[in-house]
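**Q** with the sequence up front, the predicted model follows.
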There are 2 protein chains.
Amino acid sequence: MKNKINFKTSDLEKMEKQTAVHLINSLGGFKSVALVGTSNGKGNTNLSIFNSFFHIGANPPLIGMIFRPSPPERDTLRNIIDTGFYTINHINEQTYKKAHQTSARYDKEISEFEVTGLNVEYKNNFTAPFVLESNIQLGIEVKEKTAISINNTTMVIGEIVEIFIPEDCLSDDGFVNLEKANTVTCSGLDSYHKTIQLDRLSYAKPDKEITSVIKS
Amino acid sequence: MKNKINFKTSDLEKMEKQTAVHLINSLGGFKSVALVGTSNGKGNTNLSIFNSFFHIGANPPLIGMIFRPSPPERDTLRNIIDTGFYTINHINEQTYKKAHQTSARYDKEISEFEVTGLNVEYKNNFTAPFVLESNIQLGIEVKEKTAISINNTTMVIGEIVEIFIPEDCLSDDGFVNLEKANTVTCSGLDSYHKTIQLDRLSYAKPDKEITSVIKS
């Protein structure tokens, strides 16, 4: 690896805007990326890719996400607020190109399910649409919507109320093998990656050596 | 892939607590994972692994993270509040076991730098310690601390004020090649993964086919 290059906030201001955006979007590391499915309550569906998910807590099971400033109107955020429900659908090697295409600015009346060919799946009377092609699907109920005043973004906190995972991806201890489920990760604004597990490590304690917890 | 198994929130309550925690921590997908370096302002350093980072915005460059409820006292959060600064240091294949070890509950006066053998690096007069072994290092200034009342967690929003990245990992368009920087990702509570890039995709537009932006 070559020498390190150093940027300060003031250097970013001198950069071409989109270059700085790409740089900053890259710095946080590999990110969760998934498709958010919503409906407007009148049968119109919406599907959009997001990479700003974060774990907030397990009991109750809460997941957060960040929405960019409005206007322009954000169909997904609108539908989430209007209906109170959405789905989070993992992206895999077979669907990541279609998933990326949902980031195009389509007219409001156009469903990204239709233009990408990804299929709507409704189940368990959950009102928001799941993505049939996703191996891991979550049904979420909105709990909180908070304005982040520092840059006019919005944080939505939702409770995971429905979980669908392939039976053979769930371990006895609750760990879900995302690699076996073919879930991908992303970096920056446009890079998609599959993964190779290095190891699962034992619960860390002082003065105790970390070991692998994978049964050989 | 076998049939899907379905859980509802009520099923989680019947599960062994740690199993449910592991399951919920797995569902959001692959996560950013990095070491947060702080000092208490009296020369005592602290280093701790986190996997709850999320991009909030590029201009100003903001990154968020979630802290679990206190008490018990969280040394990293304490130091962040007291000093106003922290570092985020990417984890790589050579350091992930040591990084995982920082999650053990050490006494307040013990530095995780010392027990893990990871090295402190101070530079550019930044008051918080960087991890020498990290290829990508960020210096962060605290901007906001927000209580998330729904489960007593805390969100900290920081501005990225110092960026150190290997020269050969930065593309002309601002994209940072995290794979080349050997940055790892994590899933669940204890699983670490390296990545294989599938592709970088073009900016999505309606009625235009997605193409690769990687120059061959």
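**A** Received, thanks.
**Q** so A:Ile24, which state does it fall into?
**A** Under DSSP: H, G, I helix; E, B strand; the rest coil, A:Ile24 falls in the helix class.
**Q** an error on my part: the question was meant for A:Thr19.
**A** helix.
**Q** next one: the worst-scoring helix or strand of chain A on mean pLDDT to chain centre, how far?
**A** One helix or strand of chain A scores below all others by mean pLDDT, DSSP states H and E: helix A:9-14, with a mean of 91. Here helix A:9-14 is found 29 Å from its chain centre; the criterion is CA atoms, centre = their mean, to the nearest Å.
**Q** which helices and strands sit right next to that helix?
**A** On a contact count with 3 or more CB pairs under 8 Å, 6 or more residues apart in numbering or on different chains; DSSP states H and E, helix A:9-14 meets helix A:17-27, strand B:153-166. In short, each C-beta sits where N, CA and C put it, glycine included.
**Q** tilt between the first one and strand B:153-166?
**A** Direction vectors for helix A:17-27 and strand B:153-166, defined by axes from the mean of the first three to the mean of the last three CA atoms, to 10 degrees, enclose an angle of 110 degrees.
**Q** OK, contacts around the closest residue in space to A:Cys186 that isn't next to it in sequence?
**A** Excluding the flanking residues, the one nearest A:Cys186 by CB to CB, 6 or more residues apart in numbering or on different chains is A:Val33, at 4.1 Å. Residues near A:Val33 by CB atoms under 8 Å, 6 or more residues apart in numbering or on different chains: A:Ile49, A:Phe50, A:Asn51, A:Ile91, A:Ala99, A:Val184, A:Thr185, A:Cys186, A:Tyr192, B:Gly29.
**Q** could you redo the last one with a cut-off of 7 Å?
**A** Listed by CB atoms under 7 Å, 6 or more residues apart in numbering or on different chains, the contact partners of A:Val33 are A:Ile49, A:Asn51, A:Ile91, A:Val184, A:Thr185, A:Cys186, B:Gly29.
**Q** which stretches of chain A form helices?
**A** A:9-14, A:17-27, A:75-83, A:96-101, A:112-116 (DSSP state H).
**Q** for those helices, give me JSON lines that also has mean neighbour count.
**A** Output for these, formatted as JSON lines (neighbours: other CB atoms under 10 Å in any protein chain shown):
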{"stretch": "helix A:9-14", "mean neighbour count": "13"}
{"stretch": "helix A:17-27", "mean neighbour count": "21"}
{"stretch": "helix A:75-83", "mean neighbour count": "18"}
{"stretch": "helix A:96-101", "mean neighbour count": "23"}
{"stretch": "helix A:112-116", "mean neighbour count": "18"}
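**Q** who does A:Thr183 form a beta bridge with?
**A** Under DSSP bridges, the beta-bridge partners of A:Thr183 are A:Asn92.
**Q** before we move on, back to that, neighbour-wise, give me the winner out of the contacts of A:Val33.
**A** Within those, neighbour counts (other CB atoms under 10 Å in any protein chain shown) peak at A:Ile91, which reaches 29 neighbours.
**Q** the nearest residue to A:Lys97 once chain neighbours are set aside and A:Glu179, how far apart?
**A** Nearest residue to A:Lys97, sequence neighbours excluded (CB to CB, 6+ apart): B:Ile210, at 5.4 Å. Separation of B:Ile210 from A:Glu179 (CB to CB, to the nearest Å) stands at 24 Å.
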